[in-house]
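1. A predicted structure for the sequence below; I have some questions about it.
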Amino acid sequence: MSDLLNMETKIVNMLKTVYDPEIPVNVYDLGLIYEVDVDDSNNVTITMTLTAPNCPAADFILEDVRYKVESIQGVNNVIVNLTFEPEWNRDMLSEEAKLELGFL
């Protein structure tokens, strides 16, 4: 497995430990992570959204994403970009999340 693929796998696994306090599903399975980019120096840029622009837990979630991804051995810097384009919707949920939330 390439180092980059291995790093991306570790990042995805770590993102699956970040939860919106109001929803019993992690941010990755919720479909909130739009892009994970790892450059040649192992700097990570994550582009993500929230379920709603006025999410009361926004700061907590963004900080948790940054802190947990930074904790991965070999990761240098982590930048978390928040976007609302495209706007999040239920179709972005993983099958597991849909099942957990009763949408299946």
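-> Structure's in. What do you need?

2. measure Leu62 to Ile72 for me?
-> Applying CB to CB, to the nearest Å, the value for Leu62 to Ile72 is 17 Å. Quick note: C-beta positions are derived from backbone N, CA and C, even for glycine.

3. quick one, phi psi at the residue nearest to the spatial centre of the chain?
-> Geometric centre of the chain, nearest residue: Ile33, 4.1 Å, by CA atoms, centre = their mean. Backbone torsions for Ile33, taken as degrees, to the nearest 10, come to phi -90, psi 110.

4. Do I have it right that it meets Leu15?
-> Yes: Ile33 is within contact range of Leu15, at 5.8 Å (criterion: CB atoms under 8 Å).

5. Now for these two: what residues contact both?
-> Residues touching both Ile33 and Leu15 by CB atoms under 8 Å, 6 or more residues apart in numbering: 27, 46.

6. where in this protein is pLDDT low?
-> 1 (pLDDT under 70).

7. how about the helices in the protein?
-> If DSSP state H is used as the criterion, the helices of the chain fall at 3-15, 58-70, 95-100.

8. count of neighbours near Tyr19?
-> Number of residues near Tyr19 (other CB atoms under 10 Å) recorded here: 17.

9. Burial check on the spatially closest residue to it that is not a sequence neighbour, number of neighbours?
-> Nearest residue to Tyr19, sequence neighbours excluded (CB to CB, 6 or more residues apart in numbering): Asn26, at 5.5 Å. Neighbours of Asn26 under the rule other CB under 10 Å: 19.
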